[in-house]
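# pasting a predicted model and its sequence here:
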2 protein chains.
Amino acid sequence: MTVADVARSANVSKATAARVLGGYGTVSDKIREQVTTAASALGYRPNELARSMTTGRSGTIGVIVGDIENAFFSLAVRGISDSARNAGFNVIIANSGEELQAEKSAIDLLIGRRVDGLIVTPSDCRESDHLSDAIRVGVPLILFDRTIPALQVDAVTGADREAAIAATRHLQDFGHRQIAYITAKEGAVGEFFTNEYQLPTSSVLGRVEGFLATQSANGVLDAHQLVRLGATDQKHTDAVVSHLLNGSAPPTAILASDSLVGLQVLRSLHALGMSVPEDISIISFFNADWTTVTTPPITVVDQPVYEMGRLAAERLIARIDGSGGPAEHTRLQTSLISRGSVGRPK
Amino acid sequence: MTVADVARSANVSKATAARVLGGYGTVSDKIREQVTTAASALGYRPNELARSMTTGRSGTIGVIVGDIENAFFSLAVRGISDSARNAGFNVIIANSGEELQAEKSAIDLLIGRRVDGLIVTPSDCRESDHLSDAIRVGVPLILFDRTIPALQVDAVTGADREAAIAATRHLQDFGHRQIAYITAKEGAVGEFFTNEYQLPTSSVLGRVEGFLATQSANGVLDAHQLVRLGATDQKHTDAVVSHLLNGSAPPTAILASDSLVGLQVLRSLHALGMSVPEDISIISFFNADWTTVTTPPITVVDQPVYEMGRLAAERLIARIDGSGGPAEHTRLQTSLISRGSVGRPK
């Protein structure tokens, strides 16, 4: 049902029907009545977006998540949605799958649907042009979980560097020196961290930097060789873990960069017949459901993800409402939940 | 940036600017050039929805899920998205949180954003007016996971009744007669199934009917007294499980209606110091991540959720492309994955 159909039925021009239905320009009461009656009879839905062209407000926030199947993001979406609903905003969500092209297309999609603002988890913190475009057309933007140094824009993230420092110290306190850090960022089996260009997301980079600094402070100077990439799925994680454990200096503990990696690493260890924490210790980022029902339950870095989502939405709505001032980066502290998956090295 | 801004900058009327930017009506080449130059200089994004008012196609599918934090739905969204992308469609998602009011508002929201079609998980299968409205305005609709008897519309679901029959028989084969079925549908602690009005979603109702028929066939005639409602969160699940186990005829096995309920039930049993399957057996619907890393891993009803999502999107796109014919209900068979959580009754 289009404006053209309504116009035909009301016996007016399309431009006139568009004026009435879009709520802009002037028409006589008689014509307005004619058009709205026709629209109602035809079941035409007033196009809120056409209306928003004149009112400048659609009452909707767009959210682009990195991976909708990662519980980290669905919890964040709940925080965002609760906050948005309280302020009278709706939320629509798009998934980038951590792919830059999909993220760009999702941004175009949501801006085309006239969202009042965007919360975006940038899949590549070195790319900012598509986000600059959004800002340039006047759509307020909050970065979530990650920052983009080149962009002067609000961001809500975890305190990733500090979180990794606390987790690494916890392992060191149990006597571990050979600690592996495993991430799902693209990389060949056996590929280890040599430079920041391997880690396109600021959150993971911050964690790795915190990990390396803490290892270095403990006198472990080649720790970067145990920062391993490529745990993209179960098969690749199996390969990454096997390669680590068959190396010349196998790790006695593993730090998993997120809870999907953590779950895959645990499965890899089970498949190799290794016991946690007797044979190897493990800490995972994110307090995922599964970490509480394993035997033993898993020690985790508890990120305040719901709160991060809530704050991101509040900040965005303040910007939509015209709040000025310089860009703010809000970093939320994490805590370590000590369970049974860390023991002394074998 | 609105049509009004572009009109002002191009020195034309709003109606003229709207005609150019919306792609309808006739204007001179000179005026068109004037407006598009102004729009481009101002960073005005062509409103794809305004354009869709005339072309009748926005290239976008709207999906309303019951609970975005349930892995069942995020896997379904991946199936839908993969299928949509292959056909050149984008996907935007809204979450109803299994609340009818939120579902209605999400439908208005997405139709207002001119999606070409909707995939909806109806939160209450007895309510159909809001969905009839969508159909009446010509938006193709596919029901997902659940059907609405009053509505002649395509649906893609699991074969829920048969799935429950297979799971119940599996427990019976191990010698279980006292089997509890636990769902998150609203209900007081101790409330058991007496009539279908307690279960507003067709999927759960189908499972319960299959369970009861199978128990009845095995000579258990009061099985409905062990169909328990109210496992809405951990605290309530603890209460439901305690009430069951402290009853006069405690169950020797539990069938969990979805994987969130299953996880909560397992935690309740752990808190009570009960061992699976030595003290009690358990089967959960949905092959969730956590079911593979517990000790023992959990026997599950494996629902082909990705495939269900894929088929729902394919069906929807066929309808958007004008495919006629009567409404179809596609039911996908499930399989039972036998792991270690079922043993003989104590």
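Everything's here; your move. Numbering: from 1, shown residues only, chains lettered A, B, ... in the order given.

# can you tell me which residues contact A:Gly125?
Let me fix one detail, which is that residue A:125 is Cys and not Gly. A:Cys125 makes contact with A:Arg146, A:Thr147, A:Ile148, A:Pro149, A:Pro200, A:Thr201, A:Ser202, A:Leu205 under the criterion CB atoms under 8 Å, 6 or more residues apart in numbering or on different chains. Backbone N, C-alpha and C define where each C-beta goes, glycine included.

# in helices, which of the residues you listed fall?
A:Ser202, A:Leu205 (DSSP state H).

# min pLDDT across the contacts of A:Cys125, which one?
Lowest in pLDDT among these is A:Pro149, which has 87.

# ok, and the closest non-adjacent residue to it?
A:Cys125 (7.2 Å; CB to CB, 6 or more residues apart in numbering or on different chains).

# can you verify the one you found is assigned to a helix?
No. Assigned with DSSP: H, G, I helix; E, B strand; the rest coil, A:Cys125 falls outside any helix and is coil.

# how far away is it from chain B?
24 Å (CB to the nearest CB, to the nearest Å).

# related to what we said a few turns ago, now the buried members of the contacts of A:Cys125.
Buried members of the contacts of A:Cys125, scored by 16 or more other CB atoms under 10 Å in any protein chain shown, are A:Arg146, A:Thr147, A:Ile148, A:Pro200, A:Thr201, A:Ser202, A:Leu205.

# now do the first one against chain B, distance only.
Distance of A:Arg146 to chain B, given as CB to the nearest CB: 20 Å.

# contacts only, for that residue.
A:Thr121, A:Pro122, A:Cys125, A:Ala155, A:Thr157, A:Thr201, A:Ser202, A:Ser203.

# repeat for the fourth one
Shown in contact with A:Pro200 (CB under 8 Å, 6+ apart): A:Ser123, A:Asp124, A:Cys125, A:Arg126, A:Lys185.

# contacting residues for A:Gln234?
A:Gln234 touches A:Gln264, A:Arg267, A:Ser268, counting by CB under 8 Å, 6+ apart.

# farthest pair in the contacts of A:Arg146?
Maximum pairwise distance among the contacts of A:Arg146 (CB to CB): 12.4 Å, between A:Ala155 and A:Thr201.

# A:Ser242 belongs to a helix?
Yes. The assignment for A:Ser242 (three-state DSSP) places it in a helix.

# follow-up on the earlier one: need the contacts of A:Gln234 in TSV with secondary structure, pLDDT and distance to chain B, can you?
Listed next are these as TSV, based on DSSP: H, G, I helix; E, B strand; the rest coil; pLDDT from 0 to 100; distance: CB to the nearest CB, whole Å:
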residue	secondary structure	pLDDT	distance to chain B
A:Gln264	helix	97	10
A:Arg267	helix	97	6
A:Ser268	helix	98	11
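
# okay, strands next: where are they in chain A?
In chain A, the segments counted as strands under DSSP state E are A:60-65, A:90-95, A:117-120, A:141-144, A:154-158, A:179-182, A:227-228, A:253-256, A:281-285, A:299-302, A:329-332, A:335-337.

# just the C-alphas of the fifth one, formatted as PDB.
Once side chains and other backbone atoms are set aside, the C-alpha atoms of strand A:154-158 remain, and they are given as PDB (Å, rounded to 0.1, in the frame of the first residue of the first chain):
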ATOM      1  CA  ASP A 154      31.400   8.700  22.800                       C
ATOM      2  CA  ALA A 155      32.300   5.100  23.700                       C
ATOM      3  CA  VAL A 156      31.300   2.700  26.500                       C
ATOM      4  CA  THR A 157      33.700  -0.100  27.100                       C
ATOM      5  CA  GLY A 158      35.100  -2.400  29.700                       C
END
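
# what is it packed up against?
strand A:141-144, helix A:202-217, helix A:305-320, strand A:329-332 (3 or more CB pairs under 8 Å, 6 or more residues apart in numbering or on different chains; DSSP states H and E).

# out of the ones you listed, which gets nearest to A:Ser284?
helix A:202-217 (11.9 Å).

# just how off-centre is the closest one within its chain?
Relative to the chain's own centre, helix A:202-217 is displaced by 20 Å; criterion: CA atoms, centre = their mean, to the nearest Å.

# and it, what's buried?
Those would be A:202-212, A:214-215, for helix A:202-217 by 16+ other CB under 10 Å.

# adding distance to chain B, write those out as a markdown table.
Shown next, in a markdown table, are the buried residues of helix A:202-217 (distance: CB to the nearest CB, whole Å):
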| residue | distance to chain B |
| --- | --- |
| A:Ser202 | 24 |
| A:Ser203 | 20 |
| A:Val204 | 21 |
| A:Leu205 | 26 |
| A:Gly206 | 26 |
| A:Arg207 | 22 |
| A:Val208 | 25 |
| A:Glu209 | 29 |
| A:Gly210 | 27 |
| A:Phe211 | 24 |
| A:Leu212 | 29 |
| A:Thr214 | 28 |
| A:Gln215 | 28 |
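
# for B:Asn70, state which of those residues is nearest.
A:Ser203 (25.0 Å).

# lowest-pLDDT helix or strand in chain A?
Within chain A, confidence by mean pLDDT, DSSP states H and E is lowest for helix A:48-55 among all helices and strands, at a mean of 48.

# who in the stretch 51-200 of chain A is up against chain B?
A:53-54, A:56, A:60, A:68-69, A:71, A:74-75, A:77-78, A:81, A:90-95, A:97, A:105-106, A:108-114, A:133, A:136-138 (CB under 8 Å from any CB of the partner chain).

# from those residues, list the buried ones, please.
In these, burial by neighbour count holds for A:53-54, A:60, A:68-69, A:71, A:74-75, A:77-78, A:81, A:90-95, A:97, A:105-106, A:108-114, A:133, A:138, counting by 16+ other CB under 10 Å.
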